[in-house]
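> Here is a sequence together with a model predicted from it:
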Amino acid sequence: MLKKQYIKSRNVYKVTFRLAKHEQPDYEINTVSLVADFNDWSLTVNPMEKLKNGDFKTIVELAPGKKYEFRYLLNGKKWYNEWEADEYILGDFGKDNCVIELLEV
């Protein structure tokens, strides 16, 4: 699930990335990382916090007027997409990347 909130005073979007328990594959997930072009595709920069209900969540601030590519990395091994992404594009490794679009305000 994606939630976009524009912060006018700082001219940024606060974006909540949330992988809900009911959206997760049918095996135990211990860690999830948000891997994206805005963090240079780092596997470790944006770990997601595991919530008591089993969801994983992280919040980042991003500039408006751009599209950002991202994916989730489960247990450091398996790639997973956000099904509520604004669109999908073919990535460099032959798999779809999720895209979030943040409109200019």
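Cool, got the structure.

> Centre of the chain to stretch 14-26, how far?
Distance, stretch centre to chain centre, for stretch 14-26: 9 Å (Cα atoms, centre = their mean, to the nearest Å).

> Mind listing residues that contact that stretch?
Stretch 14-26 is contacted by residues 1-7, 32, 34, 48, 53-62, 70, 72, 74, 78, 80, 82-83, 100, 102 when judged by Cβ atoms under 8 Å, 6 or more residues apart in numbering. Yep, even glycine has a C-beta here, placed from its N, CA and C like the rest.

> for stretch 37-55, same thing?
When contacts are taken as Cβ under 8 Å, 6+ apart, the neighbours of stretch 37-55 outside the stretch itself are 17-21, 24, 30-36, 56-58, 60, 62, 68-70, 72-73, 76.

> Now a PyMOL select for only the buried ones of the residues you listed.
Buried members of these, defined by 16 or more other Cβ atoms under 10 Å, are picked up in PyMOL with:
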select buried, resi 17+18+19+24+32+33+34+35+36+56+57+58+60+68+69+70+72+73
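
> The contacts of stretch 37-55 in strands, which ones?
With strands identified by DSSP state E, the entries of the contacts of stretch 37-55 that belong to them are 17-19, 32-36, 56-58, 60, 62, 68-70, 72-73.

> Quick check: phi and psi on the residue of the chain most remote from its centre?
Counting by Cα atoms, centre = their mean, the extreme residue of the chain relative to its mean C-alpha position is residue 9, 23.8 Å from that point. Reported as degrees, to the nearest 10, the phi and psi values for residue 9 are phi -60, psi -20.

> Could you say which helix or strand holds residue 100?
Secondary structure from DSSP states H and E places residue 100 in strand 96-102.

> What are the buried residues along that strand?
If you call a residue buried by 16+ other Cβ under 10 Å, then strand 96-102 has these buried ones: 97, 98, 99, 100, 102.
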